[in-house]
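Undergrad: Next comes the sequence, and after it the predicted model I'd like to discuss.
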Amino acid sequence: MTRRLAARLVAVAAALGALALLPLWVSNPYVLSVLTLAALYAIFASSWDILSGYIGQLNFGHAVFFGVGAYTAGFLGPHLPPLLVLPAGSLAAVVFAFLVGLPCLKLRGPYLSLTTLVFPLILERLAFTFRDVTGGEYGLRVEPPLSGLGLYFAALALLAATLAVLLAVAESRLGRTFRAIGDDELAAMAAGINTTRYKLGAFVLGAALAGLGGVLYAYHLRHVGPEVFGLFTSFAIVIMGIVGGMGTILGPAIGAFFLTLLGESLREIETYRLLVYSGVMILCVLYLPRGLWSLGEALPALARRLRAAPAK
């Protein structure tokens, strides 16, 4: 284990440990519900980052895997125990990732991004069309197996596992290969790297983790409907990744918490939420190109400079 990986895992453990202790002081169900939603979006955003941030293939259709996991909970929740529904949702997302990824990941640049955008729209339309199965615009009711506090701890545990897995991959030889493809795919191909296979691997890994998050998302909302495949979901995750800091794993998770809490504080102007998100993204692109994550990197450097400065 590298020193940087160890430091990041300690930081994750400290932050999530603090959130796990929060119910000792905060018992408001609404606050815990919002933090649960933020943790689920953090799983979604960090799983998106392994392909879009590391390999540099911007994925506008990651909502597909989140939605497939959520609908799996709607279909199987009444018939299977939750410990089986979770892997079933992840497996369904992986199968869909293979079906989508095999033909699409041979594309590069904007062609791949535009292609991935189509699939959530297709599934959204199918959810409306086959209303006898999906419930149409009304969706499916999902009975949660845990209380609100139980789902809060489950979301934190899944977020911890997701970040640990993705950070371990990012710091491994596999992660360095992902970086090499993202830096220059043609050079990586010239070096003998099967870039399509590695892109598919990142695609499937992100899908598996997003599918797990989608199952808990359906349990948390007690409902799943076509809106889970909507454009707002797809673009919100992209914005969370950019605001937090792409290619860092932890940055998109931070961006998810920041924008979820910001969105809840602006609930009175719900119609303009995506506009607010977009405005925050533009400000980050202009003034924080590496996202909120760069603030965390800048503070230790500033502290070292202050300590090294000669006393007057």
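TA: Right, received. Where do you want to start? Numbering: from 1, shown residues only.
Undergrad: mean confidence score for the helix or strand Pro87 falls within?
TA: Element membership for Pro87, per DSSP states H and E: helix 82-104. Predicted confidence along helix 82-104 averages 89 (mean pLDDT).
Undergrad: got a list of contacts for it?
TA: Where contact means Cβ atoms under 8 Å, 6 or more residues apart in numbering, the residues beyond helix 82-104 that reach it are 61, 64-66, 68-70, 72-73, 76-77, 80, 112, 115-116, 119, 145-146, 199-200, 203-204, 206-212, 214-216, 219. Placement of C-beta: from N, CA and C, glycine included.
Undergrad: Buried ones among the residues you listed?
TA: Under a neighbour-count criterion of 16 or more other Cβ atoms under 10 Å, the subset of these counted as buried comprises 61, 64-66, 68-70, 72-73, 76-77, 112, 115-116, 119, 199-200, 203-204, 206-212, 214-216, 219.
Undergrad: Mark which of those residues are part of helices, please.
TA: Helix and strand membership here follows DSSP state H; of the buried ones among the contacts of helix 82-104, those in helices are 64-66, 68-70, 72-73, 76, 112, 115-116, 119, 199-200, 203-204, 206-212, 214-216, 219.
Undergrad: List the contacts of the residue nearest to Thr2 when sequence neighbours are not counted.
TA: Using Cβ to Cβ, 6 or more residues apart in numbering and skipping residues adjacent in sequence, the residue nearest Thr2 is Glu171, 5.5 Å away. Remark: with contacts taken as Cβ under 8 Å, 6+ apart, Glu171 is in contact with Thr2, Arg4, Leu5.
Undergrad: Glu171 and Leu212: what is the separation?
TA: Plainly put, Glu171 is 21 Å away from Leu212 if you go by Cβ to Cβ, to the nearest Å.
Undergrad: Also Leu261?
TA: Remark: distance between Leu261 and Leu212 (Cβ to Cβ) = 23 Å.
Undergrad: now Arg3
TA: In this structure, Arg3 lies at 29 Å from Leu212, with Cβ to Cβ as the measure.
Undergrad: these two touch, right, Gly74 and Arg222?
TA: No. The pair Gly74 and Arg222 fails to qualify as a contact (Cβ atoms under 8 Å) at a distance of 10.3 Å.
Undergrad: tell me, what's touching these two both at once?
TA: Common contact partners of Gly74 and Arg222 (Cβ under 8 Å, 6+ apart): Arg141, Val142.
Undergrad: who has more neighbours, those two?
TA: Taking Gly74 and Arg222 together and counting by other Cβ atoms under 10 Å, Gly74 has the greater number of neighbours (23 against 10).
Undergrad: ok, how many other residues are close to the nearest residue to the more buried one once chain neighbours are set aside?
TA: If you skip the residues right next to it in sequence, Gly74 has Leu140 as its closest partner in space, 3.5 Å away by Cβ to Cβ, 6+ apart. Per other Cβ under 10 Å, the neighbour tally for Leu140 reads 20.
Undergrad: Quick check on Gly182: phi, psi?
TA: Here the main-chain torsion angles of Gly182 (degrees, to the nearest 10) amount to phi -70, psi -40.
Undergrad: go on, Leu140?
TA: As for Leu140, its main-chain torsions (degrees, to the nearest 10) stand at phi -120, psi 140.
Undergrad: Going forward, the N-terminal residue is numbered 55.
TA: Fine by me, first position is 55 from now on; the one you just mentioned is Leu194.
Undergrad: mind checking pLDDT for it?
TA: 89.
Undergrad: Beta-bridge partners for it, please?
TA: Using DSSP bridges, the beta-bridge partners of Leu194 come out as Val278.
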